[in-house]
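*Asks:* With the sequence up front, the predicted model follows.
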Amino acid sequence: METFRTYSKLVIEECIQIGIGSIFLVGLVATFMGAVTTLQTAFNLVSPFIPDYIIATVVRDMTVLELAPTIIGVIYAGKVGSSMAGGLGTMRITEQIDALEVMGINSASYLVLPKVIASLLMYPMLVIIAGFLSILGGYLAGVFSEILTPFDYKYGIQYLFNPYMVKFGILKSYVFAFLIASISSFRGYYTTGGALEVGKASTRAVTDSVIAVLIADYLLAEMFLTK
């Protein structure tokens, strides 16, 4: 392994590329995701016996438990995962990885480990930002469309709030971050062939990562939410 200073520099570079480079897309998707969820929930809750603040409660629970960690995970796999696989695949076919090994550098540790660590650091932060913007987008959509009042939305956000849901959502984000980074790096690191195979490796990385995220999502829900 290389020195700690070398790894810290690589991790910071990956954090900037993964985190800062994904904030705009994640924020845009999360905001509209919350807005659409609010409108569709209001459309389906037509009973006069259901108070309006329940709309905000549904948006909160869906965002924290599922929309923020899982849907953003799919987007994260498409943007960051494909970039990881493509970058490593290009280095493999251009023999840059072989050159590192000739120089006595552990190429897997040097190239893959910083990506995994950066993913574990940045993806939970992206999920937190996505959750906040999703709830904010729901608030803006609900208030401006006059579906519910600001007081009802704020009350619904706090109604029967269970802090365990937030912990579960953060747990999911760490699991998804590791799965996406490790699977994408694996696909890119072991790319063989030419430029065409780099594209195929990126596609397989996204596909495998999304499947892994969905399977892990079900297993985590089965283990931590069912009694």
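*Replies:* Everything's here; your move.

*Asks:* Look at residue 87 and report its pLDDT.
*Replies:* We have a pLDDT of 89 for residue 87.

*Asks:* check contacts around it.
*Replies:* residue 188 (Cβ atoms under 8 Å, 6 or more residues apart in numbering). Every C-beta, even on glycine, is put in place using the N, C-alpha and C of the backbone.

*Asks:* and the host helix or strand of it, which residues are buried?
*Replies:* Following DSSP states H and E, one finds residue 87 within helix 82-93. Under the neighbour-count criterion of 16 or more other Cβ atoms under 10 Å, helix 82-93 has 82, 83, 84, 85, 86, 87, 88, 89, 90, 91, 92, 93 buried.

*Asks:* Which SSE is immediately downstream of it?
*Replies:* Heading C-terminal from helix 82-93 (DSSP H and E), you reach helix 96-102.

*Asks:* Let me know the next secondary structure element after that next one.
*Replies:* Next along from helix 96-102, by DSSP H and E: helix 107-111.

*Asks:* helices and strands around that following helix, which ones?
*Replies:* The helices and strands touching helix 107-111, judged by 3 or more Cβ pairs under 8 Å, 6 or more residues apart in numbering; DSSP states H and E, are helix 96-102, helix 163-189.

*Asks:* What residues sit buried inside the last one?
*Replies:* Counting neighbours by 16+ other Cβ under 10 Å, one finds that the buried residues in helix 163-189 are 168-170, 172-189.

*Asks:* Which residues does the helix or strand hosting residue 152 contact?
*Replies:* Under the criterion DSSP H and E, the helix or strand holding residue 152 is helix 150-158. With contacts defined as Cβ under 8 Å, 6+ apart, helix 150-158 is touched by 51-57, 59-60, 135, 138-139, 142-143, 148.

*Asks:* pLDDT on it, on average?
*Replies:* If you average the pLDDT values across helix 150-158, you get 89.

*Asks:* Buried by neighbour count: which residues of that helix qualify?
*Replies:* 152, 153, 155, 156, 157.

*Asks:* which one among those gets closest to residue 71?
*Replies:* residue 157 (19.4 Å; Cβ to Cβ).

*Asks:* phi, psi of residue 50?
*Replies:* The phi and psi torsions at residue 50 (degrees, to the nearest 10) take the values phi -100, psi 120.

*Asks:* no no, residue 145
*Replies:* The phi/psi pair for residue 145 (degrees, to the nearest 10) is phi -90, psi 0.

*Asks:* And for it, the neighbour number?
*Replies:* Residues contacting residue 145 under the criterion other Cβ atoms under 10 Å number 12.

*Asks:* same thing with the one 3 residues further on?
*Replies:* A count of nearby residues for residue 148, using other Cβ under 10 Å, gives 23.

*Asks:* how far away is it from residue 99?
*Replies:* Separation of residue 148 from residue 99 (Cβ to Cβ, to the nearest Å): 61 Å.

*Asks:* Then residue 40?
*Replies:* 53 Å.

*Asks:* Repeat that for residue 74.
*Replies:* 35 Å.

*Asks:* what do you get for residue 22?
*Replies:* Counting by Cβ to Cβ, the gap from residue 22 to residue 99 is 30 Å.

*Asks:* How about the contacts made by the closest residue to residue 177 other than its chain neighbours?
*Replies:* Leaving out its chain neighbours, the residue that sits closest to residue 177 by Cβ to Cβ, 6 or more residues apart in numbering is residue 123, at 3.6 Å. Going by Cβ under 8 Å, 6+ apart, residue 123 touches 18, 73, 76, 173, 174, 176, 177, 180.
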